[in-house]
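> sequence first, predicted coordinates after that:
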Amino acid sequence: MSGEANEKLILALPKGRILKEAAPLFARAGIEPEAAFADPEARQLRFTTNHADLDIIRVRSFDVATFVAFGAAHLGIAGGDVLMEFDYPEIYAPIDLNIGHCRLAVAEPAEMAGSDDPRRWSHVRIATKYPEVTRRHFAARGVQAECVKLSGAMELAPSLGLSHRIVDLVDSGRTLKENGLVEIEHIADITSRFIVNRAALKTQPERIGRWVDRFREISRAA
């Protein structure tokens with residue numbers, strides 16, 4: 001990664017709910033994206049800001065960590081679920097932004113939950129987009145997890161016979177309830193973090209450190 005002073009810093013942001021929750025933080029940090037950023041019809045993915053040396057890219061939540069880890073972006077906002085799944089050593093995640101609150105949990109059909117005892121499991125088949133987190137969670141207590149990776153619609157897996165159980169993010173629990181599922185095990189509480197590429201921080205400590213300090217101040221004041 002280049003350390004040239006004229007290189008633009010790239011801030012990677014996730015599409016969706018976290019982006020909406022993060023918007024007030026950008027404002028307090030003094031970051032104003034170009035008008036197209038707020039236009040739902042805009043198809044571009046890279047945007048300028050009121051800072052000549054800072055651009056924003058808007059990508060899928062899972063891809064934020066990959067862009068930052070491989071140096072395509074210097075900074076980013078990523079959910080703790082994504083950081084747990086990929087566990088990139090190239091990422092430094094110094095600030096909990098206290099947004100994107102939810103939890104990672106195991107769920108199964110309500111009719112199973114009454115007689116099921118997770119303490120007696122030795123092997124489970126689970127549909128999830130978090131296979132690494134899921135395997136680690138169950139391996140810690142000697143349970144082998146066979147993971148069926150899905151990118152979405154996890155709640156359909158039990159009713160269609162793909163797997164009896166799922167591991168997914170849960171917010172209000174409404175989606176689980178509407179699909180006849182209940183939480184049976186808590187894996188982790190999740191929030192979103194401000195993340196930095198470690199190599200970029202070493203080569204451009206003043207430029208990147210300034211943004212780290214600014215977001216740290218904002219998170220403490222929130």
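Structure's in. What do you need?
> which residues does the residue lying closest to residue 178 once chain neighbours are set aside contact?
Spatial nearest neighbour of residue 178, excluding adjacent residues (C-beta to C-beta, 6 or more residues apart in numbering): residue 155 at 8.0 Å. Backbone N, C-alpha and C define where each C-beta goes, glycine included. Residue 155 is in contact with 166, 168, 175-176, 178-179, 181, counting by C-beta atoms under 8 Å, 6 or more residues apart in numbering.
> are any of these buried, and which?
Among those, those classed as buried by 16 or more other C-beta atoms under 10 Å are 166, 168, 176, 179, 181.
> run through who's touching the helix or strand the second one falls within.
Per DSSP states H and E: residue 168 is located in strand 165-170. Contact partners of strand 165-170, identified using C-beta under 8 Å, 6+ apart, comprise 81, 102-108, 124-130, 133-134, 137, 154-155, 157-158, 176, 181, 183-184, 187, 190.
> again with stretch 76-83
11-14, 18, 22, 61-62, 64-65, 67-68, 91, 93, 97, 100, 104, 130, 133, 169, 188-196.
> and it, how far apart are its ends?
The straight-line separation of the ends of stretch 76-83 (C-alpha to C-alpha, to the nearest Å) is 12 Å.
> residue 182 contacts residue 175, correct?
No - if you go by C-beta atoms under 8 Å, residue 182 and residue 175 don't touch, sitting 11.9 Å apart.
> so what's the closest residue in space to residue 167 that isn't next to it in sequence up against?
Spatial nearest neighbour of residue 167, chain neighbours left out: residue 128 (4.0 Å); criterion: C-beta to C-beta, 6+ apart. Residue 128 makes contacts with 134, 147-150, 154, 166-168, as judged by C-beta under 8 Å, 6+ apart.
> next: residue 142.
residue 122.
> tell me if it really is in a helix.
No - with DSSP: H, G, I helix; E, B strand; the rest coil as the criterion, residue 142 is assigned coil and is not in a helix.
> thinking again about what came up before, looking at the contacts of residue 155, spot the one nearest residue 209.
Distance to residue 209 across the contacts of residue 155 (C-beta to C-beta) is lowest for residue 168, with 35.9 Å.
> beta partners for the closest one?
residue 105 (DSSP bridges).
> point out where this structure drops to low pLDDT.
1-6, 222 (pLDDT under 70).
> now do 50
For the chain, the stretches with pLDDT under 50 are 1-3.
> could you look up the SS state of residue 41?
Assignment for residue 41 (three-state DSSP): coil.
> for burial, what's the neighbour tally of it?
Other residues near residue 41 number 5, with proximity taken as other C-beta atoms under 10 Å.
> what's the domain layout of the chain?
9-100+191-221, 102-188 (automatic domain parsing).
> what's the offset of the longest one from the middle of its chain?
On the basis of C-alpha atoms, centre = their mean, to the nearest Å, the separation between the geometric centre of domain 9-100+191-221 and that of its chain is 11 Å.
> ok, now the last one?
Centroid separation for domain 102-188 versus its chain: 18 Å, with C-alpha atoms, centre = their mean.
> residues contacting residue 72?
Going by C-beta under 8 Å, 6+ apart, residue 72 touches 10, 12.
> picking up where we left off before, return the subset of the contacts of stretch 76-83 lying in helices.
18, 22, 61-62, 64-65, 67-68, 133 (DSSP state H).
> TSV for those, including neighbour count and distance to residue 33?
TSV is the format used below for the ones in helices among the contacts of stretch 76-83 (neighbours: other C-beta atoms under 10 Å; distance: C-beta to C-beta, whole Å):
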residue	neighbour count	distance to residue 33
18	21	15
22	19	11
61	20	18
62	17	22
64	29	16
65	25	21
67	20	17
68	28	18
133	22	32
